[in-house]
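Asks: Give me coordinates for this.
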Amino acid sequence: MKTLTKELWLDIPERRAIVSIHREVEQLVAESGIKDGLALVNAMHITASVFINDNESGLHADYERWLEELVPFNPGSDPTKGGYLHNRTGEDNADAHHKRQIMGREVVVAITDGKLHLGPWEHIFYYEFDGKRRKRVLVKMIGE
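Replies: The predicted structure follows:
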């Protein structure tokens, strides 16, 4: 049985951004030497997500618009004015916690013949909802 555990560090200068981490994960599969197994890719922060979908800018813009409609950014803490109770802690990122919950925490991808076993349009992304600081993604692989 082989395993590999690595952390990818990201510095996102914007508050929100979708970043491809696909190539980095592919490189780690090659580095692991695993031919048949599983790869876990996990956002290690409660205001970020890892997801799989099409690498298409229009879709990414649609996600931004859709999430902002569902859970708009509001730095306030008064719910009667669109704010969030969580922001009473002194932070302004309550919307980021909700957006992460919607988009998910992690993905698990099969490794077959030493490569990520994905559909033709599937691509791995990191989605930052409260950036402007250094964050990490855990990549853990297990297999033979």
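Asks: The helix or strand containing residue 136 pairs with which strands?
Replies: Element membership of residue 136, judged by DSSP states H and E, is strand 134-143. In its sheet, strand 134-143 lies beside strand 2-11 (antiparallel), strand 36-43 (antiparallel), with partners assigned from DSSP bridges.
Asks: Residue 102: which of those strands is closest?
Replies: Among those, strand 36-43 comes nearest to residue 102, with 13.0 Å by CB to CB. For every residue, glycine as well, the C-beta is placed using N, CA and C.
Asks: Buried by neighbour count: which residues of the closest one qualify?
Replies: Residues of strand 36-43 classed as buried under the neighbour-count rule (16 or more other CB atoms under 10 Å) are 37, 39, 41-43.
Asks: nearest to residue 81, of the residues you listed?
Replies: Out of the buried residues of strand 36-43, the member with the shortest distance to residue 81 (by CB to CB) is residue 43, at 29.9 Å.
Asks: Let me see the contact set for the residue most central in space within the chain.
Replies: Nearest to the geometric centre of the chain sits residue 50, at 2.3 Å (CA atoms, centre = their mean). Residue 50 makes contact with 21, 41-43, 104-107, 124-127, 137, according to CB atoms under 8 Å, 6 or more residues apart in numbering.
Asks: ok, now with 7 Å
Replies: Counting by CB atoms under 7 Å, 6 or more residues apart in numbering, residue 50 touches 41-43, 106-107, 124-126, 137.
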